[in-house]
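Asker: fold the following, please.
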Amino acid sequence: MNIAIKNASDLLVERLNRRAALNRRTPEDEARAILEQALADAPPVTGPAAVAAEIRSLGLRTPSESVEIIREFRDR
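Answerer: As a prediction, this is how the structure comes out:
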């Protein structure tokens, strides 16, 4: 995937370039490293469709079982 960052300030670009040089990386590699670090501990993206799919995959039939799964996803 390619990502373009529009309207980045000159200061931001300069800081990225300096940081990349300090780490002996290209600006593209440095931006990738920054994203990887920032998102490493991010919780997984879930929503109602993911919860419903999980419930179906487990073969749950009672509302109480479904409620427990929904609460588990919500509290992540």
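Asker: can you give me the neighbour number for Arg25?
Answerer: Burial of Arg25 is recorded as 14 neighbouring residues (other Cβ atoms under 10 Å). From N, CA and C alone the C-beta is placed, and that goes for glycine too.
Asker: err, Asp41, not the other one
Answerer: 6.
Asker: list the buried residues of stretch 60-76.
Answerer: Across stretch 60-76, burial judged by 16 or more other Cβ atoms under 10 Å covers Ser66.
Asker: run through who's touching that stretch.
Answerer: For stretch 60-76, contacts defined as Cβ atoms under 8 Å, 6 or more residues apart in numbering pick out 43-44, 46, 50-51, 54-55, 58.
Asker: hmm, try it at 10 Å
Answerer: 43-44, 46-48, 50-52, 54-55, 58-59 (Cβ atoms under 10 Å, 6 or more residues apart in numbering).
Asker: next one: stretch 31-51
Answerer: Residues from elsewhere that reach stretch 31-51, judged by Cβ under 10 Å, 6+ apart: 3, 5, 16, 19-20, 23, 25-26, 53-54, 66, 69-70, 72-74, 76.
Asker: which among the contacts of stretch 60-76 end up buried?
Answerer: The neighbour count (16+ other Cβ under 10 Å) marks 51, 54-55 as buried among the contacts of stretch 60-76.
Asker: tabulate the contacts of stretch 60-76 (CSV), appending pLDDT and secondary structure.
Answerer: What follows is the contacts of stretch 60-76, written out as CSV (pLDDT from 0 to 100; DSSP: H, G, I helix; E, B strand; the rest coil):
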residue, pLDDT, secondary structure
Pro43, 72, coil
Pro44, 75, coil
Thr46, 79, coil
Gly47, 84, coil
Pro48, 85, helix
Ala50, 80, helix
Val51, 79, helix
Ala52, 79, helix
Glu54, 77, helix
Ile55, 76, helix
Leu58, 78, helix
Gly59, 78, coil
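Asker: all set, thanks.
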